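J.: Predicted model and sequence below, questions to follow.
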Amino acid sequence: IPNGKSSLLKTVDDYVTRPRPSGYRAVHRIYEYRGASASLRDGLLFEIQFRTRLQHLWAMAVETVGMVYAQPLKANQGDQNWLDFFTLASAAISHRENAPVVEEHAQISFGDIRDELRRKGTEESFFTKLAAIREIAVKETTEEYDYWLLELNLKKNTNAVYGFKSDQIETAHEMYFAKERTPACQRGDVQVVLVATQRFKDLREAYPSYFLDVADFTALLRNDICAF
């Protein structure tokens, strides 16, 4: 928070110790902003989500599959088979991290969870479907910006990336809101997000879903959990 400070107001939910039924795990905290000098931003609330790398890979995979197959999986809706698959994957990851397991699978051994995940992934073709998701190749840049706007076109399987300096934030907001209002975005064919970070590399790691990148999640299942 440049030239400002924040105070923790509350922890909204601790989904690490109490995973959601879907398998989602993270800690959500709400903060209040206070600038070094009085400004209109004072008092604004913002939320930060804390989760491990494996928890992040799981969440981004759910989001990516949901976008590719037009399923609102992120909201725990849509194809029940996909939802069950990701709940099992979350339980397996919880065992790997020695963390609480979603209640549905809390009394099941890691071995049994792994076997069922392997069975569903093979028999119901989830491994094949994950492998079929084509990552969007975007030329990386070493140039640093303060903000990045990502525009993912799911129909064309393309991704446009725009960088903005801090003094261009109003332009970035205008572009973001304009793209959000387009018919393609309203239909869900296009997804847009505006991110505050400097390096393109950090952008890729934080938002692999906007590059349709499930490679690390698939590798986790293939090499460390299911060995398929």
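T.: Here it is on my side, so go on.

J.: which residue is nearest the middle of the protein?
T.: For the chain, Met60 is the residue whose C-alpha lies nearest the centre (CA atoms, centre = their mean; 3.3 Å).

J.: so where does that one fall, helix or strand?
T.: helix 53-68 (DSSP states H and E).

J.: Could you list every helix and strand that that helix packs against?
T.: Helix 53-68 sits against helix 80-96, helix 126-132, helix 215-219, with contacts defined as 3 or more CB pairs under 8 Å, 6 or more residues apart in numbering; DSSP states H and E. For every residue, glycine as well, the C-beta is placed using N, CA and C.

J.: what helices or strands is the last one leaning on?
T.: Read it as helix 215-219. Contacting helix 215-219 under the criterion 3+ CB pairs under 8 Å, 6+ apart are the following elements: helix 53-68, helix 126-132.

J.: what do you get if the cut-off is 7 Å, keeping everything else the same?
T.: helix 53-68 (3 or more CB pairs under 7 Å, 6 or more residues apart in numbering; DSSP states H and E).

J.: Ok, the longest one next?
T.: For helix 80-96, the packing partners by 3+ CB pairs under 7 Å, 6+ apart come out as helix 53-68, helix 110-123.

J.: Give me the distance from that helix to the chain's centre.
T.: Once both centres are worked out by CA atoms, centre = their mean, to the nearest Å, helix 80-96 turns out to sit 16 Å from its chain's centre.

J.: Equivalent analysis for stretch 198-212, please.
T.: Average the C-alpha atoms of stretch 198-212, do the same for its chain, and the two points are 10 Å apart (CA atoms, centre = their mean).

J.: Show me which parts of it are buried, residue by residue.
T.: Going by neighbour count (16 or more other CB atoms under 10 Å), the buried part of stretch 198-212 is Phe200, Leu203, Tyr207, Pro208, Ser209, Tyr210, Phe211, Leu212.

J.: again with stretch 141-155
T.: Neighbour counts over stretch 141-155 (16+ other CB under 10 Å) mark Tyr145, Asp146, Tyr147, Trp148, Leu149, Leu150, Glu151, Leu152, Asn153, Leu154 as buried.

J.: who does the fifth one bridge with?
T.: Same thing as Leu149. Legend: beta-bridge partners of Leu149 under DSSP bridges are Tyr162, Leu194.

J.: What about Ala91, how many residues nearby?
T.: The number of residues packed near Ala91 is 25, by other CB atoms under 10 Å.

J.: What is the least confident helix or strand in the protein?
T.: Least confident helix or strand of the chain, by mean pLDDT, DSSP states H and E, is strand 4-14 with a mean of 69.

J.: That one: what's the following helix or strand?
T.: Going down the chain from strand 4-14, the next helix or strand is strand 27-35, by DSSP H and E.

J.: on contacts alone, who are the packing partners of the helix or strand following that following strand?
T.: Stepping forward along the backbone from strand 27-35, the first helix or strand reached (DSSP H and E) is strand 45-50. Taking 3+ CB pairs under 7 Å, 6+ apart as contact, the helices and strands that strand 45-50 lies on are strand 27-35.
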